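> Here is the input, now give the coordinates:
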Amino acid sequence: MEKQGKINNTKQSVYIHIPFCEHICEYCDFNKVFLEGQPVDEYIDLLLREIDLTVKKIPNTGIKTIYIGGGTPTSLNVKQMEHLLKGVNSLLSLAERSEFTIEVNPGDLTQEKLLLMQEFGVNRLSLGVQTLKDDLLRKIGRHHTVQDIFQTLDMLKREDFKNVSIDLIYALPDQTRQDWEKTLDLALSFDLPHYSLYSLILENHTMFMNRVRCGQLILPSEDRQADLFEVALERMEQYDLEHYEISNFAKDGFQSQHNLVYWNNENYFGFGAGASGYVGDVRYKNHGPIQHYLNSLRNFELPVVTRKSLSIKNQIEEEMFLGLRKLQGVSKRIFFEKFGVNFSEIYGEIAANLVEKELLFEDDKKVSLSEKGLLLGNFVFEKFLL
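Next comes the predicted model:
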């Protein structure tokens, strides 16, 4: 296994991180800071400098996807957002029919901001809804309300903005099966093209984790989480939404092209404080603290804090545990094209064992999780570590 993975220069993608939030959610461990008192204008200036320094070193043949996440990108004011979007458009050459997504917090999106986004090519929005119950929203530290969600969706409908995704979280504290069913039914009544459903995961350095350790918060068991996930699967199937990745469901033609870059184990650039990227066989990560990030760029230096060259073994492992998240699984043809070795030579015995346990499906073209395997994904993924 000495062949190196290929760089696919025709499928370049970009993630841009805006770390500012007006409020910090109790479960969130993403790189973020309170907006008030932060050097937001300088951050945008130097973020654009980072993009400029990078694209001068690495030629691009057209950007396939751009995703601006956070933090809360819509915490930027109109002037700041215009500066960001104008700079991104001038520095990055978008491919024809590229997907350009921005994360939106319900209640933060004004008509002026929406029109500005559309002017600069944003054609997809991801709304951090999380739940459609006000008491649960308060419990997890969200500051928008269900009414804010309705108003945001009404505005998008008036402006004929169709490519919208919403995030929902299940297995929240004190969330009953009935709560989850009501949230799903209401969310599906919006008739949106894309839904992302995530189980609440406890992370270190979050308020939720501290409260659990102190015995102040009790979360649902793994069995209850699996039960809530199966409820979601039933609802999504009833509405003819394709289950194309473990946590994602879409109408035909509305799958997240940016996230598919991650799951297909393809290259992408990461810009902004704490952002990660994957170029060639190197995964890299930027400084997370705002001032560390800015100091590098003030000196016209890229703010990369870690770089790791992946061995062919690492690349193959990532191909499997990322690719198996997709319901279509891992293509044996693409596996051979990337690594110059047949799937069966490396994983034949492992795959056969998982098929026997009814956790994996395998045929001549691909391997993919079975229905049972979807509920035990992490167990299956671990079996593909070499």
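> What helix or strand is Lys64 located in?
In this assignment (DSSP states H and E), Lys64 forms part of strand 63-70.
> Would you mark the buried spots in that strand?
Residues of strand 63-70 classed as buried by neighbour count (16 or more other CB atoms under 10 Å): Ile63, Lys64, Thr65, Ile66, Tyr67, Ile68, Gly69, Gly70. To be clear about C-beta, it is placed using only N, CA and C from the backbone, and glycine gets the same treatment.
> and if you look at stretch 45-60?
Within stretch 45-60, judged by 16+ other CB under 10 Å, the buried ones are Asp45, Leu46, Leu47, Leu48, Arg49, Glu50, Ile51, Thr54, Val55, Asn60.
> can you give me phi and psi for the third one?
Recorded main-chain torsions at Leu47 are phi -60, psi -40, according to degrees, to the nearest 10.
> likewise the first one?
Asp45 adopts backbone torsions of phi -60, psi -50, taken as degrees, to the nearest 10.
> now swap in Phe300 and tell me
According to degrees, to the nearest 10, the main-chain angles of Phe300 amount to phi 60, psi 30.
> State the number of residues packed around it.
When neighbours are counted by other CB atoms under 10 Å, Phe300 registers 11.
> Kindly provide the distance from it to Ile312.
34 Å (CB to CB, to the nearest Å).
> Touching, Glu181 and Ala232? I think so.
No - Glu181 is beyond contact range of Ala232, at 9.4 Å (criterion: CB atoms under 8 Å).
> Which one of those two is surrounded by more residues?
With other CB under 10 Å as the criterion, Glu181 and Ala232 differ in neighbour count, and Ala232 comes out ahead with 21 against 15.
> now the more buried one: how far from Gln255?
Counting by CB to CB, the gap from Ala232 to Gln255 is 17 Å.
> Could you do Val330 as well?
When CB to CB is the yardstick, Val330 and Gln255 sit 17 Å from each other.
> the more surrounded of those two?
Relative neighbour count places Val330 above the other of Val330 and Gln255, with 26 against 19, counting by other CB under 10 Å.
> could you list every residue that touches that one?
By CB atoms under 8 Å, 6 or more residues apart in numbering, the residues touching Val330 are Glu319, Met320, Gly323, Leu324, Phe343, Lys366, Val367, Ser368.
> isn't Thr183 right next to Leu132, touching?
Yes - if you go by CB under 8 Å, Thr183 and Leu132 touch, sitting 4.4 Å apart.
> Tell me both backbone torsions, phi and psi, for Glu237.
In terms of degrees, to the nearest 10, the main-chain angles of Glu237 are phi -70, psi -40.
> Would you tell me which strand is longest in this structure?
Assignment by DSSP state E gives strand 94-104 as the longest strand of the chain.
> which neighbours do Thr183 and Leu132 share?
Common contact partners of Thr183 and Leu132 (CB under 8 Å, 6+ apart): Leu168.
> which of the two has more neighbours?
Residue environment comparison for Thr183 versus Leu132 gives the larger neighbour count to Thr183, 25 against 21, counting by other CB under 10 Å.
> Quick check: which element contains Gly270?
Under the assignment here (DSSP H and E), Gly270 is part of strand 269-271.
> Mind giving me the packing neighbours of that strand?
When contacts are defined as 3 or more CB pairs under 8 Å, 6 or more residues apart in numbering; DSSP states H and E, strand 269-271 packs onto strand 12-18, helix 40-57, strand 276-279, strand 282-286.
> Relative to Asp240, which of those is closest?
Closest approach to Asp240 among the helices and strands packed on strand 269-271 is made by strand 12-18 (28.3 Å; CB to CB).
> So which other helices or strands are in contact with the closest one?
helix 40-57, strand 63-70, helix 257-263, strand 269-271.
> what pairs with that strand, and is each one parallel or antiparallel?
In its sheet, strand 12-18 lies beside strand 63-70 (parallel), strand 269-271 (parallel), with partners assigned from DSSP bridges.
> As TSV, those strands with mean pLDDT and distance to Leu192 would be great.
Formatted as TSV, the strands paired with strand 12-18 follow (pLDDT from 0 to 100; distance: least, CB to CB, whole Å):
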stretch	mean pLDDT	distance to Leu192
strand 63-70	94	18
strand 269-271	97	27
